[in-house]
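Asker: fold the following.
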Amino acid sequence: MKQTQNLRSLAEIADIRTGFTFREKVEESPDNGNAHIAQIKDARCEWERTNGNDLLISQLPLIHWEGKDKAFVEPGTVLLPARGAKGSGYFRASCLMADEPSSLPVVVSSQFLIITPKKEVLSEFLCWSLNQPAIQYHLTEGAGSQGSNIVMLNTKLAGELQLQIPSLKTQHKILHLNRLWEQEQQLTQALLKNRDIMLQGMFQQLLKETE
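Answerer: Next up is the predicted model:
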């Protein structure tokens with residue numbers, strides 16, 4: 001019964017809007033950019049690098065921004081990909097994080113839905129919830145499907161997503177356990193990489209001995 005009571009729609013617990021629509025291809029300006037830009041390729045690259053949900057602002061590319069300030073997105077915002085291939089698209093949510101002091105703002109492209117949770121929900125927990133297997137399966141296989149190959153999410157469809165939202169105390173506990181799990185995964189990957197390097201060296205040494 002409690003589990004049913006904790007079930008909330010995304011629209012109930014967060015404000016949802018679309019990212020900024022660029023009329024032309026985004027041109028990065030690594031030398032003289034005045035704002036960071038977040039696109040799906042950046043989020044996916046960061047996830048593959050860290051296996052975590054945090055999207056670090058310092059890792060995002062720079063652009064020369066001449067638009068209005070209302071397009072800027074604050075740290076702690078959750079970004080959910082709004083489009084992708086059905087069955088294989090990338091729909092993992094990311095939590096925009098400021099990992100170092102920076103005066104440069106962040107612009108999020110319309111490839112994302114921008115989700116700002118209300119006080120009863122932690123940003124990191126909302127991000128974790130959206131990345132749970134059942135929600136990810138729903139996003140890639142059903143929600144927002146147009147035709148047979150493309151999934152397109154809008155604010156209405158995203159707002160209808162049903163999530164389990166426990167107390168803040170429980171949210172903190174879940175996030176603590178998840179951080180431990182992520183750290184364990186990172187250590188395991190590092191050990192496997194070191195093992196592979198060591199074995200490759202042994203293989204090369206053995207090949208030389210047989211010559």
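Asker: what about whichever helix or strand Leu157 is part of, distance to the chain center?
Answerer: According to DSSP states H and E, Leu157 maps onto helix 155-159. On the basis of CA atoms, centre = their mean, to the nearest Å, helix 155-159 sits 17 Å off its chain's mean C-alpha point.
Asker: ok, and what's touching that helix?
Answerer: The contact list for helix 155-159 (CB atoms under 8 Å, 6 or more residues apart in numbering) reads Ser9, Leu10, Ala11, Ile16, Arg17, Thr18, Leu80, Ala82, Leu113, Ile115, Ala143, Gly144. C-betas here are computed from N, CA, C, even on glycine.
Asker: again, but for stretch 116-124
Answerer: For stretch 116-124, the external contacting residues (CB under 8 Å, 6+ apart) are 13-16, 53, 74, 76-78, 95, 126, 165, 168, 171-172, 175.
Asker: switch the cut-off to 6 Å
Answerer: Here stretch 116-124 makes contact (CB atoms under 6 Å, 6 or more residues apart in numbering) with Ile13, Ala14, Asp15, Gly76, Thr77, Val78, Cys95, Leu126, Ile165, Gln171, Leu175.
Asker: ok, these vs Glu28, which is closest?
Answerer: The nearest member of those to Glu28, counting by CB to CB, is Thr77 at 21.2 Å.
Asker: quick one: neighbours of that closest one, just the number.
Answerer: For Thr77, the neighbour count with other CB atoms under 10 Å is 23.
Asker: now Ile16. Nearest residue, chain neighbours left out?
Answerer: Thr155 (4.5 Å; CB to CB, 6 or more residues apart in numbering).
Asker: next: Glu141.
Answerer: Distance criterion CB to CB, 6+ apart; nearest residue to Glu141, sequence neighbours excluded, is Gly87 at 6.3 Å.
Asker: do the same with Val106
Answerer: Nearest to Val106 is His36, by CB to CB, 6+ apart, at 4.6 Å.
Asker: assign that neighbour to helix, strand or coil.
Answerer: strand (DSSP: H, G, I helix; E, B strand; the rest coil).
Asker: who touches it in this structure?
Answerer: Ile57, Leu60, Leu104, Val106.
Asker: what separation is there between it and Gln183?
Answerer: Applying CB to CB, to the nearest Å, one obtains 26 Å for the distance of His36 from Gln183.
Asker: what does Ala43 give?
Answerer: Per CB to CB, Ala43 is found 20 Å from Gln183.
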